[in-house]
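Enquirer: got a sequence here, can you build the structure:
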Amino acid sequence: AQLLYGLPASAGIAGALFALASTSAIRFVGRTTAGNVSISAVRRRVLELHRRAEEGTYFDVLELSPRAGAREIAEEHRRLCRELDGLDLRGLGLEDLEDLRQEILVALDEARDVLSDARLRAAYAASL
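Expert: As a prediction, the model looks like this:
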């Protein structure tokens, strides 16, 4: 109680928790996140996207149905690139996934390029 007595009222719960944790009065266990991001979920997501890039069709890579139109292709490509670019792999301790991220980004570009070109898309679809 003495520890919290000198804590400014404006510090609120976060300040109280910080004060308690900094003096080892409480301890946080089982932390598997960085901020509100689950590190294990990020790892699973990158590995799944990489598996699709290696083994899937261009539609799988872009998480699209074969009936997807040009607009959907562009939107999904943009969304997935932003998702991957926004990951702070180093900050999450997942720098081992950086090469995989780069391979996924290359596959996303390739899938977009082929599926956005009517001639290439027709030839690709015929090969499936």
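Enquirer: where does this protein have its least confident helix or strand?
Expert: Lowest by mean pLDDT, DSSP states H and E among the helices and strands of the chain is strand 33-34, with a mean of 46.
Enquirer: and Leu87, that one's in a helix?
Expert: No - under DSSP: H, G, I helix; E, B strand; the rest coil, Leu87 sits outside any helix and is assigned coil.
Enquirer: shouldn't it be in contact with Ala41?
Expert: No - taking contacts as CB atoms under 8 Å, Leu87 lies outside contact range of Ala41: 11.0 Å. Yep, even glycine has a C-beta here, placed from its N, CA and C like the rest.
Enquirer: mind showing which ranges of this protein have poor pLDDT?
Expert: Applying pLDDT under 70 to the chain flags the ranges 1-21, 26-37.
Enquirer: more neighbours, Leu87 and Ala41?
Expert: Neighbours per residue (other CB atoms under 10 Å) separate Leu87 from Ala41, with Leu87 holding more: 18 against 11.
Enquirer: how close does the more buried one get to Ala107?
Expert: Leu87 sits 16 Å away from Ala107, going by CB to CB, to the nearest Å.
Enquirer: go on, His77?
Expert: Distance of His77 to Ala107, given as CB to CB: 11 Å.
Enquirer: next one: Asp88
Expert: As judged by CB to CB, Asp88 and Ala107 stand 21 Å apart.
Enquirer: so for these two, which sits in the more crowded spot?
Expert: Each of Asp88 and Ala107 has its neighbours counted (other CB under 10 Å); Ala107 has more, 21 against 12.
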